[in-house]
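Participant: predicted structure and sequence below. I'll ask about it afterward.
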Amino acid sequence: GSPPRLDRSLPLPLAAGTRLLAGTVLDQRPPRAIAALLGADGQLLDWHEKLRPVPAGERLPFLCCIPEVFAAPLLDFCTRIVGFRPDLEAGDARPPLRSADGVPFAALTCFDNAFESVARHAVQDGARLLVVVSNESWYRLGAELDQMLAMSVCRALETGTPIVRST
């Protein structure tokens, strides 16, 4: 829902005053990937939504144009191949998140950092730091990891803003 809700039984053994940024997918229709900013006690402080789901990886383009009788088996087939259901929708832009000491920052989820406009708008909105959160465990044999690193460098240079990557 909006705002996202967390399972209160989630144990976070963090020191007081620290914050944790963690990626997850909202279990709603349509699903959205988010970076959730959590307090040391597990309280949801704020979140950023993924703005650019990757076509053919995180979402299937033109799925809405395919009759349901074909769309459902296609989604099931893709789920078996990639390990998750590729039906994410683009999220909404949100104001910068805040570090524990008040520094405004933006969370770019995975390949959001491939799009110059996502980083540029975040910095224009006041972010002084960009954080890329991603699960790159499946990038073992391809060039995706090299692409992710190169795009992070490009976004830092284009915006003059430091980037932290967490995967």
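Facilitator: Sure thing, it's come through. Since this is a predicted model, take the numbers as computed values, not measurements. Residues are numbered from 1 along each chain as shown.

Participant: centroid-nearest residue for this protein?
Facilitator: Nearest residue to the geometric centre of the chain (C-alpha atoms, centre = their mean): T109, 2.5 Å.

Participant: my guess is that residue meets L130, correct?
Facilitator: No: applying C-beta atoms under 8 Å as the test, T109 and L130 come out as separate, 11.5 Å apart. All C-beta spots, glycine's among them, are computed from the backbone N, C-alpha and C.

Participant: what does stretch 62-69 contact?
Facilitator: 71, 74-75, 87 (C-beta atoms under 8 Å, 6 or more residues apart in numbering).

Participant: again, 10 Å this time
Facilitator: Contacts to stretch 62-69, defined as C-beta atoms under 10 Å, 6 or more residues apart in numbering, come from residues 55, 60, 70-72, 74-75, 78, 86-87.

Participant: mean confidence score for stretch 55-69?
Facilitator: Stretch 55-69 shows a mean pLDDT of 80.

Participant: re the thing from before, which neighbours do T109 and L130 share?
Facilitator: In contact with both T109 and L130: V118, using C-beta under 10 Å, 6+ apart.

Participant: so how far is the first residue of stretch 27-37 from its last?
Facilitator: 17 Å (C-alpha to C-alpha, to the nearest Å).

Participant: quick one: buried residues of that stretch?
Facilitator: Buried positions in stretch 27-37, judged by neighbour count with 16 or more other C-beta atoms under 10 Å: 31-37.

Participant: quickly check those for the two that are furthest apart.
Facilitator: Taking C-beta to C-beta, the two most distant members of the buried residues of stretch 27-37 are P31 and L37; they sit 19.4 Å apart.

Participant: can you pull up the bridge partners for L97?
Facilitator: Here L97 shows beta-bridge partners F105, assigned using DSSP bridges.

Participant: for it, list the residues it contacts.
Facilitator: 19, 21, 35-37, 45-48, 103-107, 122, 127, 129, 131.

Participant: can you say which of these are buried?
Facilitator: Members of the contacts of L97 classed as buried by 16+ other C-beta under 10 Å are 19, 21, 35-37, 46-48, 104-107, 122, 127, 129, 131.

Participant: name the residues of the helix or strand bottoming out on mean pLDDT in the chain that are buried.
Facilitator: Every helix and strand of the chain was ranked by mean pLDDT, DSSP states H and E. The lowest is helix 68-82, at a mean of 83. Residues of helix 68-82 classed as buried: 71, 75, 78 (neighbour count, 16+ other C-beta under 10 Å).

Participant: can you report how many residues lie near R52?
Facilitator: Neighbourhood size, R52 [other C-beta atoms under 10 Å]: 20.
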